[in-house]
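*Asks:* sequence and computational prediction follow.
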Amino acid sequence: MKTQIIISISLAFLLLNIPKTLSLSPAAAPAKPPPSSPAPAAQVAVTPGPLDVAKILDKAGRFTVFLRLLKSTQEDVELYQQLNETHNGATVFAPSDGAFSGLKAGTLNSLSDGDKSELVKYHIVPFFISSAQFQTVSNPVRTQAGSGGRLSMNITTDVTGSSVNISTGIVNTTISGTVYADSRLAIYQVDKVLLPLDVFTPRPPPPAPAPAPAPEKAGKKGGGAESPAVPKSDKSGAVRRIGRRQDLVILVLGVGWIATAVL
Ligand SMILES: *[C@@H]1O[C@H](CO)[C@@H](O)[C@H](O)[C@H]1NC(C)=O
Ligand SMILES: *[C@@H]1O[C@H](CO)[C@@H](O)[C@H](O)[C@H]1NC(C)=O
Ligand SMILES: *[C@@H]1O[C@H](CO)[C@@H](O)[C@H](O)[C@H]1NC(C)=O
Ligand SMILES: *[C@@H]1O[C@H](CO)[C@@H](O)[C@H](O)[C@H]1NC(C)=O
(Lines give C-alpha, C1' and ligand atoms only; values in the text may rest on other atoms or scores of the structure.)
(Ligands and ions follow the chains in the order given, each with its own letter.)
Protein backbone atom coordinates (compact mmCIF):
# COMPACT_ATOMS: atom_id res chain seq x y z
CA MET A 1 0.00 0.00 0.00
CA LYS A 2 2.72 2.39 0.99
CA THR A 3 4.62 1.51 -2.16
CA GLN A 4 1.54 2.24 -4.25
CA ILE A 5 1.11 5.64 -2.68
CA ILE A 6 4.74 6.48 -3.16
CA ILE A 7 4.59 5.38 -6.77
CA SER A 8 1.41 7.39 -7.39
CA ILE A 9 2.93 10.46 -5.85
CA SER A 10 6.11 10.01 -7.81
CA LEU A 11 4.12 9.66 -11.02
CA ALA A 12 2.10 12.79 -10.30
CA PHE A 13 5.28 14.64 -9.45
CA LEU A 14 6.88 13.42 -12.63
CA LEU A 15 3.94 14.59 -14.75
CA LEU A 16 3.97 18.01 -13.15
CA ASN A 17 7.65 18.37 -13.77
CA ILE A 18 8.09 17.00 -17.26
CA PRO A 19 10.22 19.84 -18.65
CA LYS A 20 12.48 19.85 -15.63
CA THR A 21 12.81 16.08 -15.63
CA LEU A 22 13.59 15.98 -19.32
CA SER A 23 16.47 18.30 -18.83
CA LEU A 24 17.95 15.97 -16.25
CA SER A 25 20.12 13.07 -17.17
CA PRO A 26 18.13 9.82 -17.61
CA ALA A 27 19.88 8.27 -14.65
CA ALA A 28 18.22 10.80 -12.37
CA ALA A 29 14.66 9.90 -13.39
CA PRO A 30 12.95 9.09 -10.08
CA ALA A 31 9.85 7.15 -11.14
CA LYS A 32 11.24 3.65 -11.57
CA PRO A 33 9.58 1.26 -9.09
CA PRO A 34 11.95 -0.99 -7.18
CA PRO A 35 12.59 -4.08 -9.31
CA SER A 36 11.69 -6.36 -6.42
CA SER A 37 7.99 -5.47 -6.50
CA PRO A 38 6.46 -5.92 -9.94
CA ALA A 39 3.11 -7.15 -8.62
CA PRO A 40 2.16 -4.09 -6.53
CA ALA A 41 3.26 -1.84 -9.36
CA ALA A 42 0.88 -3.63 -11.70
CA GLN A 43 -2.00 -3.04 -9.26
CA VAL A 44 -1.59 0.69 -9.04
CA ALA A 45 -3.80 1.41 -12.02
CA VAL A 46 -6.48 -1.09 -10.95
CA THR A 47 -7.09 -0.32 -7.29
CA PRO A 48 -6.30 3.24 -6.42
CA GLY A 49 -8.58 3.55 -3.39
CA PRO A 50 -11.05 1.16 -1.79
CA LEU A 51 -10.27 -2.21 -0.33
CA ASP A 52 -10.58 -5.12 -2.70
CA VAL A 53 -11.06 -8.37 -0.83
CA ALA A 54 -10.79 -10.44 -4.00
CA LYS A 55 -7.41 -8.95 -4.76
CA ILE A 56 -6.14 -9.58 -1.24
CA LEU A 57 -7.27 -13.21 -1.35
CA ASP A 58 -5.82 -13.64 -4.79
CA LYS A 59 -2.48 -12.42 -3.55
CA ALA A 60 -2.58 -14.69 -0.51
CA GLY A 61 -2.88 -17.57 -2.95
CA ARG A 62 -4.48 -20.35 -0.93
CA PHE A 63 -8.12 -19.32 -1.27
CA THR A 64 -8.80 -20.11 -4.93
CA VAL A 65 -12.09 -21.95 -4.38
CA PHE A 66 -13.51 -19.30 -2.08
CA LEU A 67 -12.36 -16.60 -4.47
CA ARG A 68 -14.11 -18.33 -7.34
CA LEU A 69 -17.31 -18.50 -5.30
CA LEU A 70 -17.00 -14.84 -4.30
CA LYS A 71 -16.76 -13.89 -7.94
CA SER A 72 -19.40 -16.22 -9.33
CA THR A 73 -21.92 -14.94 -6.77
CA GLN A 74 -20.75 -11.34 -7.33
CA GLU A 75 -20.34 -11.02 -3.61
CA ASP A 76 -16.89 -9.58 -4.33
CA VAL A 77 -18.55 -6.60 -5.99
CA GLU A 78 -21.08 -6.19 -3.21
CA LEU A 79 -18.36 -6.29 -0.59
CA TYR A 80 -16.23 -3.86 -2.52
CA GLN A 81 -19.08 -1.36 -2.69
CA GLN A 82 -20.01 -1.94 0.92
CA LEU A 83 -16.47 -1.23 2.06
CA ASN A 84 -16.34 1.89 -0.06
CA GLU A 85 -19.73 3.26 0.84
CA THR A 86 -20.29 2.41 4.49
CA HIS A 87 -18.25 2.82 7.62
CA ASN A 88 -19.08 -0.48 9.25
CA GLY A 89 -16.25 -2.33 7.63
CA ALA A 90 -16.38 -6.09 7.23
CA THR A 91 -14.99 -9.31 8.58
CA VAL A 92 -14.36 -12.22 6.25
CA PHE A 93 -13.81 -15.80 7.34
CA ALA A 94 -12.00 -17.19 4.34
CA PRO A 95 -11.91 -20.97 4.05
CA SER A 96 -8.64 -22.25 2.66
CA ASP A 97 -8.55 -24.56 -0.34
CA GLY A 98 -7.84 -27.33 2.13
CA ALA A 99 -11.14 -26.51 3.83
CA PHE A 100 -13.02 -27.07 0.60
CA SER A 101 -11.24 -30.34 -0.10
CA GLY A 102 -12.42 -31.46 3.32
CA LEU A 103 -16.04 -31.21 2.22
CA LYS A 104 -17.96 -34.29 1.21
CA ALA A 105 -17.51 -34.79 -2.54
CA GLY A 106 -20.11 -32.99 -4.61
CA THR A 107 -21.22 -30.69 -1.80
CA LEU A 108 -20.71 -27.50 -3.76
CA ASN A 109 -22.07 -28.88 -7.01
CA SER A 110 -25.28 -29.89 -5.31
CA LEU A 111 -26.03 -26.30 -4.31
CA SER A 112 -28.31 -23.99 -6.25
CA ASP A 113 -27.00 -20.57 -7.17
CA GLY A 114 -29.06 -19.09 -4.36
CA ASP A 115 -27.56 -21.48 -1.84
CA LYS A 116 -24.04 -20.78 -3.09
CA SER A 117 -24.68 -17.11 -2.62
CA GLU A 118 -25.99 -17.70 0.89
CA LEU A 119 -22.98 -19.87 1.70
CA VAL A 120 -20.59 -17.14 0.62
CA LYS A 121 -22.48 -14.41 2.47
CA TYR A 122 -22.44 -16.58 5.57
CA HIS A 123 -18.64 -16.24 5.62
CA ILE A 124 -18.90 -12.46 5.84
CA VAL A 125 -19.86 -10.43 8.88
CA PRO A 126 -21.01 -6.98 7.79
CA PHE A 127 -18.94 -5.15 10.38
CA PHE A 128 -15.35 -5.10 11.47
CA ILE A 129 -14.21 -7.41 14.27
CA SER A 130 -10.59 -7.04 15.32
CA SER A 131 -8.93 -10.06 16.86
CA ALA A 132 -9.16 -8.40 20.28
CA GLN A 133 -12.91 -7.80 19.85
CA PHE A 134 -13.67 -11.51 19.54
CA GLN A 135 -13.54 -11.72 23.32
CA THR A 136 -16.43 -9.33 23.72
CA VAL A 137 -18.47 -10.03 20.62
CA SER A 138 -22.07 -10.84 21.50
CA ASN A 139 -23.47 -14.10 20.25
CA PRO A 140 -25.04 -15.09 18.04
CA VAL A 141 -23.15 -13.06 15.44
CA ARG A 142 -25.16 -12.04 12.41
CA THR A 143 -23.70 -12.57 8.99
CA GLN A 144 -24.16 -10.97 5.61
CA ALA A 145 -26.54 -13.84 4.90
CA GLY A 146 -28.82 -12.72 7.70
CA SER A 147 -29.68 -13.09 11.37
CA GLY A 148 -31.58 -15.66 13.35
CA GLY A 149 -30.46 -19.07 14.46
CA ARG A 150 -30.13 -20.49 10.97
CA LEU A 151 -27.91 -17.77 9.52
CA SER A 152 -25.80 -16.58 12.42
CA MET A 153 -22.81 -18.14 14.17
CA ASN A 154 -21.40 -18.33 17.67
CA ILE A 155 -17.88 -17.09 18.26
CA THR A 156 -16.09 -17.95 21.48
CA THR A 157 -12.58 -17.44 22.75
CA ASP A 158 -10.61 -19.17 25.44
CA VAL A 159 -9.69 -17.17 28.56
CA THR A 160 -6.51 -15.77 27.05
CA GLY A 161 -8.31 -14.75 23.86
CA SER A 162 -5.64 -16.38 21.78
CA SER A 163 -7.86 -19.08 20.35
CA VAL A 164 -11.08 -18.17 18.60
CA ASN A 165 -13.71 -20.82 17.93
CA ILE A 166 -16.58 -20.54 15.52
CA SER A 167 -19.65 -22.71 15.67
CA THR A 168 -22.27 -22.75 12.94
CA GLY A 169 -24.43 -25.42 14.51
CA ILE A 170 -23.02 -27.92 12.02
CA VAL A 171 -19.32 -27.12 12.01
CA ASN A 172 -16.94 -26.17 14.80
CA THR A 173 -13.63 -24.67 13.84
CA THR A 174 -10.88 -22.41 15.08
CA ILE A 175 -9.49 -19.37 13.30
CA SER A 176 -6.11 -20.47 12.04
CA GLY A 177 -4.61 -17.17 10.98
CA THR A 178 -5.06 -13.56 9.96
CA VAL A 179 -4.80 -12.94 6.25
CA TYR A 180 -5.37 -9.21 6.40
CA ALA A 181 -6.35 -6.64 9.00
CA ASP A 182 -6.54 -2.90 9.13
CA SER A 183 -9.01 -0.72 10.98
CA ARG A 184 -12.08 -1.61 8.93
CA LEU A 185 -11.45 -4.91 7.19
CA ALA A 186 -10.30 -8.16 8.70
CA ILE A 187 -9.83 -11.41 6.80
CA TYR A 188 -9.28 -14.50 8.90
CA GLN A 189 -8.41 -17.94 7.64
CA VAL A 190 -10.52 -20.92 8.64
CA ASP A 191 -9.68 -24.47 7.72
CA LYS A 192 -13.24 -25.69 7.56
CA VAL A 193 -15.99 -24.37 5.35
CA LEU A 194 -18.58 -22.73 7.61
CA LEU A 195 -21.78 -24.56 6.79
CA PRO A 196 -24.89 -22.61 7.76
CA LEU A 197 -27.85 -24.52 9.15
CA ASP A 198 -30.07 -22.69 6.70
CA VAL A 199 -28.43 -24.30 3.68
CA PHE A 200 -27.43 -27.68 5.08
CA THR A 201 -30.41 -28.67 7.16
CA PRO A 202 -33.96 -28.98 5.87
CA ARG A 203 -35.68 -25.63 5.65
CA PRO A 204 -38.83 -25.24 7.68
CA PRO A 205 -41.93 -25.34 5.51
CA PRO A 206 -42.97 -21.92 4.22
CA PRO A 207 -46.00 -20.35 5.87
CA ALA A 208 -49.16 -22.08 4.69
CA PRO A 209 -50.44 -20.26 1.62
CA ALA A 210 -53.77 -18.61 2.19
CA PRO A 211 -56.52 -20.38 0.27
CA ALA A 212 -56.59 -18.29 -2.88
CA PRO A 213 -59.15 -19.51 -5.38
CA ALA A 214 -59.69 -16.15 -7.06
CA PRO A 215 -57.91 -16.09 -10.45
CA GLU A 216 -57.78 -12.26 -10.48
CA LYS A 217 -55.06 -12.51 -7.83
CA ALA A 218 -52.65 -13.41 -10.60
CA GLY A 219 -52.73 -9.81 -11.79
CA LYS A 220 -51.83 -8.47 -8.38
CA LYS A 221 -48.11 -8.69 -8.61
CA GLY A 222 -46.02 -7.35 -5.77
CA GLY A 223 -48.95 -7.29 -3.34
CA GLY A 224 -46.75 -5.33 -0.96
CA ALA A 225 -45.96 -5.67 2.69
CA GLU A 226 -49.52 -6.39 3.77
CA SER A 227 -49.61 -9.83 2.10
CA PRO A 228 -46.45 -11.66 3.08
CA ALA A 229 -48.23 -14.97 3.53
CA VAL A 230 -48.94 -15.51 -0.16
CA PRO A 231 -45.59 -15.73 -1.91
CA LYS A 232 -46.22 -15.79 -5.65
CA SER A 233 -43.37 -18.20 -6.13
CA ASP A 234 -40.60 -19.62 -4.02
CA LYS A 235 -38.10 -17.40 -5.70
CA SER A 236 -39.75 -14.02 -5.25
CA GLY A 237 -40.71 -14.98 -1.73
CA ALA A 238 -37.12 -15.78 -0.94
CA VAL A 239 -35.92 -12.54 -2.44
CA ARG A 240 -38.42 -10.56 -0.39
CA ARG A 241 -37.47 -12.37 2.76
CA ILE A 242 -33.79 -11.77 2.19
CA GLY A 243 -34.45 -8.10 1.48
CA ARG A 244 -36.24 -7.64 4.77
CA ARG A 245 -33.71 -9.68 6.61
CA GLN A 246 -30.94 -7.38 5.45
CA ASP A 247 -32.87 -4.30 6.47
CA LEU A 248 -33.23 -5.81 9.89
CA VAL A 249 -29.58 -6.76 10.03
CA ILE A 250 -28.53 -3.25 9.13
CA LEU A 251 -30.85 -1.83 11.77
CA VAL A 252 -29.66 -4.22 14.45
CA LEU A 253 -26.05 -3.73 13.49
CA GLY A 254 -26.51 0.01 13.64
CA VAL A 255 -27.83 -0.26 17.16
CA GLY A 256 -25.07 -2.69 18.07
CA TRP A 257 -22.49 -0.39 16.65
CA ILE A 258 -23.72 2.54 18.64
CA ALA A 259 -23.84 0.40 21.76
CA THR A 260 -20.26 -0.67 21.16
CA ALA A 261 -19.19 2.92 20.66
CA VAL A 262 -20.85 4.00 23.87
CA LEU A 263 -19.24 1.20 25.95
C1 LIG B 1 -16.58 5.01 -3.74
O2 LIG B 1 -17.69 5.76 -3.27
C3 LIG B 1 -17.77 7.08 -3.76
C4 LIG B 1 -18.97 7.75 -3.15
O5 LIG B 1 -19.06 7.48 -1.80
C6 LIG B 1 -17.88 7.09 -5.27
O7 LIG B 1 -17.86 8.42 -5.75
C8 LIG B 1 -16.71 6.32 -5.86
O9 LIG B 1 -16.88 6.22 -7.24
C10 LIG B 1 -16.63 4.94 -5.24
N11 LIG B 1 -15.42 4.30 -5.76
C12 LIG B 1 -15.47 3.11 -6.31
C13 LIG B 1 -14.16 2.63 -6.81
O14 LIG B 1 -16.47 2.46 -6.42
C1 LIG C 1 -12.22 -24.42 20.80
O2 LIG C 1 -12.08 -25.61 20.08
C3 LIG C 1 -11.07 -26.44 20.58
C4 LIG C 1 -10.93 -27.61 19.63
O5 LIG C 1 -12.18 -28.07 19.20
C6 LIG C 1 -11.46 -26.87 21.98
O7 LIG C 1 -10.45 -27.72 22.52
C8 LIG C 1 -11.61 -25.65 22.85
O9 LIG C 1 -12.07 -26.02 24.13
C10 LIG C 1 -12.59 -24.69 22.24
N11 LIG C 1 -12.59 -23.45 22.98
C12 LIG C 1 -13.68 -22.73 23.21
C13 LIG C 1 -13.49 -21.48 23.99
O14 LIG C 1 -14.79 -23.09 22.82
C1 LIG D 1 -25.28 -20.31 19.73
O2 LIG D 1 -25.38 -20.39 21.13
C3 LIG D 1 -26.71 -20.38 21.61
C4 LIG D 1 -26.67 -20.33 23.13
O5 LIG D 1 -25.71 -21.19 23.63
C6 LIG D 1 -27.43 -21.61 21.10
O7 LIG D 1 -28.75 -21.61 21.51
C8 LIG D 1 -27.40 -21.58 19.56
O9 LIG D 1 -27.96 -22.75 19.07
C10 LIG D 1 -25.99 -21.47 19.07
N11 LIG D 1 -26.01 -21.25 17.64
C12 LIG D 1 -25.14 -21.80 16.82
C13 LIG D 1 -25.27 -21.46 15.40
O14 LIG D 1 -24.25 -22.57 17.23
C1 LIG E 1 -19.39 -28.16 18.52
O2 LIG E 1 -19.07 -27.77 19.84
C3 LIG E 1 -20.15 -27.85 20.74
C4 LIG E 1 -19.66 -27.37 22.08
O5 LIG E 1 -18.97 -26.19 21.98
C6 LIG E 1 -20.64 -29.28 20.83
O7 LIG E 1 -21.77 -29.33 21.66
C8 LIG E 1 -21.02 -29.77 19.44
O9 LIG E 1 -21.36 -31.13 19.50
C10 LIG E 1 -19.89 -29.59 18.48
N11 LIG E 1 -20.36 -29.93 17.15
C12 LIG E 1 -19.62 -30.62 16.28
C13 LIG E 1 -20.23 -30.87 14.94
O14 LIG E 1 -18.48 -31.01 16.56
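*Replies:* Done, it's in. Numbering: from 1, shown residues only. Ligands and ions are numbered 1, 2, ... in the order given.
*Asks:* can you tell me which residues in this structure are near ligand 2?
*Replies:* For the chain, the residues in contact with ligand 2 under the definition CB under 6 Å from any ligand atom are 156-158, 163, 165, 172, 174. Backbone N, C-alpha and C define where each C-beta goes, glycine included.
*Asks:* now, which of these sits nearest residue 108?
*Replies:* Minimum separation from residue 108 among those (CB to CB) is found for residue 172, which lies at 20.5 Å.
*Asks:* can you list phi and psi of that closest one for me?
*Replies:* Residue 172 adopts backbone torsions of phi -110, psi 130, taken as degrees, to the nearest 10.
*Asks:* measure the residue lying closest to it once chain neighbours are set aside to ligand 1 for me?
*Replies:* Leaving aside its sequence neighbours, residue 172 sits nearest to residue 165 (CB to CB, 6 or more residues apart in numbering; 6.4 Å). Between residue 165 and ligand 1 the distance, using CB to the nearest ligand atom, to the nearest Å, works out to 35 Å.
*Asks:* what's the answer for residue 145, then?
*Replies:* Computed as CB to the nearest ligand atom, the residue 145 to ligand 1 distance reads 23 Å.
*Asks:* for that residue, what are its contacts?
*Replies:* The contact partners of residue 145, by CB atoms under 8 Å, 6 or more residues apart in numbering, come to 118-119, 121-122, 124, 151, 196, 198.
*Asks:* after the lowest-mean-pLDDT helix or strand in the chain, next one along is what?
*Replies:* Lowest mean confidence among the helices and strands of the chain (mean pLDDT, DSSP states H and E): helix 38-43, at a mean of 32. Along the chain past helix 38-43, the next helix or strand (assigned with DSSP states H and E) turns out to be helix 53-60.
*Asks:* what's that following helix in contact with?
*Replies:* Counting contacts by CB under 8 Å, 6+ apart, the residues outside helix 53-60 that touch it are 39, 43, 46-47, 63, 66-67, 70-71, 76, 79-80, 83, 90, 92, 94, 179-180, 185, 187.
*Asks:* just say helix, strand or coil for residue 155.
*Replies:* Residue 155 carries the three-state label strand when classified by DSSP: H, G, I helix; E, B strand; the rest coil.
*Asks:* next, count neighbours for it.
*Replies:* Here the neighbour count serves as a burial measure; for residue 155 (other CB atoms under 10 Å) it reads 22.
*Asks:* beta partners of it?
*Replies:* When bridges are taken as DSSP bridges, the partners of residue 155 come out as residue 166.
*Asks:* tell me who's in contact with it.
*Replies:* 134, 137, 139, 141, 164-167.
*Asks:* change it to 10 Å
*Replies:* Going by CB atoms under 10 Å, 6 or more residues apart in numbering, residue 155 touches 91, 93, 125, 129, 133-135, 137-141, 164-167, 175.
*Asks:* okay, and which of the contacts of helix 53-60 map to helices?
*Replies:* Secondary structure assignment by DSSP state H places 39, 43, 66-67, 70-71, 76, 79-80, 83 of the contacts of helix 53-60 in helices.
*Asks:* ok, these vs residue 52, which is closest?
*Replies:* Within the ones in helices among the contacts of helix 53-60, the smallest distance to residue 52 is 5.9 Å, found for residue 80 (CB to CB).
*Asks:* which among the contacts of residue 155 count as buried?
*Replies:* Neighbour counting with 16 or more other CB atoms under 10 Å marks 91, 93, 125, 129, 133-134, 137, 140-141, 164, 166, 175 as buried within these.
*Asks:* and the furthest pair within those residues?
*Replies:* Of all pairs drawn from the buried ones among the contacts of residue 155, the greatest distance, 16.8 Å, lies between 140 and 175 (CB to CB).
*Asks:* what about the nearest residue to residue 198 once chain neighbours are set aside, which SS state?
*Replies:* Once its chain neighbours are removed from consideration, residue 198 has its nearest residue in residue 150; the separation is 3.8 Å (CB to CB, 6+ apart). Under the three-state scheme (three-state DSSP), residue 150 adopts coil.
*Asks:* ok, back up a step: got a quick PyMOL command for the buried subset of the contacts of helix 53-60?
*Replies:* When burial is assessed using 16+ other CB under 10 Å, the buried subset of those is captured in PyMOL by this command:
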select buried, resi 43+63+66+67+70+76+79+80+83+90+92+94+179+180+185+187
